[in-house]
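> sharing a model prediction with you, sequence too.
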Amino acid sequence: MQPSPGSDIMNEIWLVILPLAGVTFVIRMTGALMGQRLPQGGAWARALKALPGSLIVALVSVSLLAGGPHEWAAGAAAALVALITRNLPLTMAVGIGSIWLLRSFF
Amino acid sequence: MPSVSSNRREFTCGLREILPLSLGAGIYGLAFGLLAAQAQMDGLEVGVMGTIVFAGASQIVAVERIVAGAAGAVAVVAGIALNLRLLLITASIRDVFAGRPLWQIALGAHLTTDENWALMVSARARGQRAGYWYLVGAGINLLVVWVVATVVGVYFAGTIPEPRALGMDFAFTAAFIAIARSLWTGKHDLAPWMTSFATVALLVLPGFVDTSWALIAGGVAGATVAGVRHHE
C-alpha cells in the first residue's frame, strides 16, 4: 500500500459508513422493540395508529414547502388523480409528468 | 398463525407492488453513485454502504458533506439526524414485529424504509392483507434495486440526466400524496393531519429548523392530537 491522499479518503469513508450503518440499525430496532412495550390501548395506541398518516402528511408538507408554485401545482394535479383513481403508479406518473411540463414551459 | 403459502403470497405481493417506488429509488441510486464517485468511493464501498445503511436520503446527505470537504463526524451526524424518523416509522408498525424471533425483527427493521412502510400501511388501509412478509418482500426489492443502481451509478451516472431534470425528484412526493389519500379514513383524521402540516410549516418556513427535525415534529404533533382526543 503506498500512502497517498486517496487512501486517507478511503479510510475516512469507512469511518462514515460503519457508524452511520450501526446507528441507523439501532434507530430502526429501537422503534420496533419500543413500539411493543408501549400500551396496547388508550392514548398511546391511538397516537401510534395515527402516526403513519401524520408522518406521511409531514413528508409531503416538507417537500411541497421546499418547492414553489411549480411543485404546488404538480402536487395539486397528483392529489386530484389520487382522489379520483386511488392509483399509486398513475398518481406518480401524473406528478412527474406535470412537474416536468411545468418546469419546461413556465 | 398464517400458513407458509400465505406468507409467500404476501412476500411476492410486496415484491411486486413496490415496483413503481423502487423505480424512483433506482433513478436516485444512479445519482447517488455519481455523487459517491466524486467522493472517490469505489463500487465495493458504495455497494456495502447501500446494503448496511439502506437509507437513501441519509446516504446522499452524508456523502454530500464529504464531497463538500466536511469531517467524517459531521457527515455521520447529518445522516443520523435524517434517520431518526425511522424510529417513529418502525414503532408505528409494532404489530408487524410482535411475537417474532429477534432475527426476524432485526431483518424486518433493517429493511424498513419510507417507501415500503408507506406502501404497506396504504395496502392495509385498503383492506389488503399486508404484514411482515409484505414489508420484507418490498424491502428486498428496494434493497436490490438501490444497491445495483448506486453501484452502476459509480461507473455510468455521468451519462444519464439528473433526477430533477427528469421530474423524478417529484416521484416520491406524488407517491406519498397517493398513499395519504388511501390512509384517509374520515373527518377524525383532519385535526391530526392539519396539525402535522401546520407544525412543519411553522418550523420550516422561518428557516429555524432543519427539515429532518420538522418532519419528526410534524409526525409527533399530529399523532399526539390523535392520542389525546377521545373517540367520538
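Good, I have the coordinates. Keep in mind that what you see is a predicted model, and the values were worked out from it rather than measured.
> who's in contact with A:Leu83?
Shown in contact with A:Leu83 (C-beta atoms under 8 Å, 6 or more residues apart in numbering or on different chains): B:Arg181. For glycine as for every other residue, the C-beta is placed from the backbone atoms N, C-alpha and C.
> what helix or strand does it sit in?
Counting by DSSP states H and E, the element that carries A:Leu83 is helix A:69-85.
> what packs against the following helix or strand past that helix?
Later in the chain than helix A:69-85, the nearest helix or strand by DSSP H and E is helix A:88-105. Identification of packing neighbours for helix A:88-105 by 3 or more C-beta pairs under 8 Å, 6 or more residues apart in numbering or on different chains; DSSP states H and E yields helix A:69-85, helix B:19-38, helix B:171-183.
> as TSV, those with mean pLDDT and distance to B:Leu88 would be great.
Converted to TSV, the helices and strands packed on helix A:88-105 look like this (pLDDT from 0 to 100; distance: least, C-beta to C-beta, whole Å):
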stretch	mean pLDDT	distance to B:Leu88
helix A:69-85	97	23
helix B:19-38	93	19
helix B:171-183	94	15
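> can you say which of the ones you listed is nearest to A:Leu15?
Relative to A:Leu15, the nearest member of the helices and strands packed on helix A:88-105 by C-beta to C-beta is helix B:19-38, separated by 15.4 Å.
> buried ones in the closest one?
Under the neighbour-count criterion of 16 or more other C-beta atoms under 10 Å in any protein chain shown, helix B:19-38 has B:20-22, B:24-37 buried.
> ok, now stretch B:3-20?
Going by neighbour count (16+ other C-beta under 10 Å), the buried part of stretch B:3-20 is B:7, B:9-11, B:13-15, B:17-18, B:20.
> export that stretch to CSV, keeping only CA atoms.
Only the C-alpha atoms of stretch B:3-20 are listed here, as CSV (Å, rounded to 0.1, in the frame of the first residue of the first chain):
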residue,chain,number,x,y,z
SER,B,3,-49.6,-20.5,6.6
VAL,B,4,-46.4,-20.7,4.7
SER,B,5,-48.1,-20.2,1.4
SER,B,6,-50.0,-17.1,2.5
ASN,B,7,-46.6,-15.7,3.8
ARG,B,8,-45.2,-16.4,0.4
ARG,B,9,-48.1,-14.7,-1.3
GLU,B,10,-47.7,-11.6,0.9
PHE,B,11,-43.9,-11.6,0.1
THR,B,12,-44.5,-11.7,-3.6
CYS,B,13,-47.2,-9.1,-3.4
GLY,B,14,-44.8,-6.7,-1.6
LEU,B,15,-42.1,-7.5,-4.1
ARG,B,16,-44.4,-6.6,-7.0
GLU,B,17,-46.3,-3.7,-5.7
ILE,B,18,-43.3,-1.7,-4.6
LEU,B,19,-42.0,-1.6,-8.2
PRO,B,20,-43.1,2.0,-9.1
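> distance of the residue nearest the centre of chain B from A:Phe106?
Most central in chain B under C-alpha atoms, centre = their mean is B:Asp114, positioned 2.2 Å from the mean C-alpha point. As for B:Asp114, its distance to A:Phe106 is 29 Å (criterion: C-beta to C-beta, to the nearest Å).
> the helix or strand encompassing B:Ser122 packs against which elements?
B:Ser122 is part of helix B:114-125, with elements assigned from DSSP H and E. Where contact means 3+ C-beta pairs under 8 Å, 6+ apart, helix B:114-125 is packed against helix A:42-66, helix B:4-17, helix B:19-38, helix B:85-92, helix B:132-156, helix B:171-183.
> switch those over to CSV; also include distance to A:Leu102.
Formatted as CSV, those follow (distance: least, C-beta to C-beta, whole Å):
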stretch, distance to A:Leu102
helix A:42-66, 14
helix B:4-17, 29
helix B:19-38, 19
helix B:85-92, 29
helix B:132-156, 26
helix B:171-183, 13
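> and the ones you listed: which comes nearest B:Pro192?
Closest approach to B:Pro192 among these (C-beta to C-beta): helix A:42-66, 5.0 Å.
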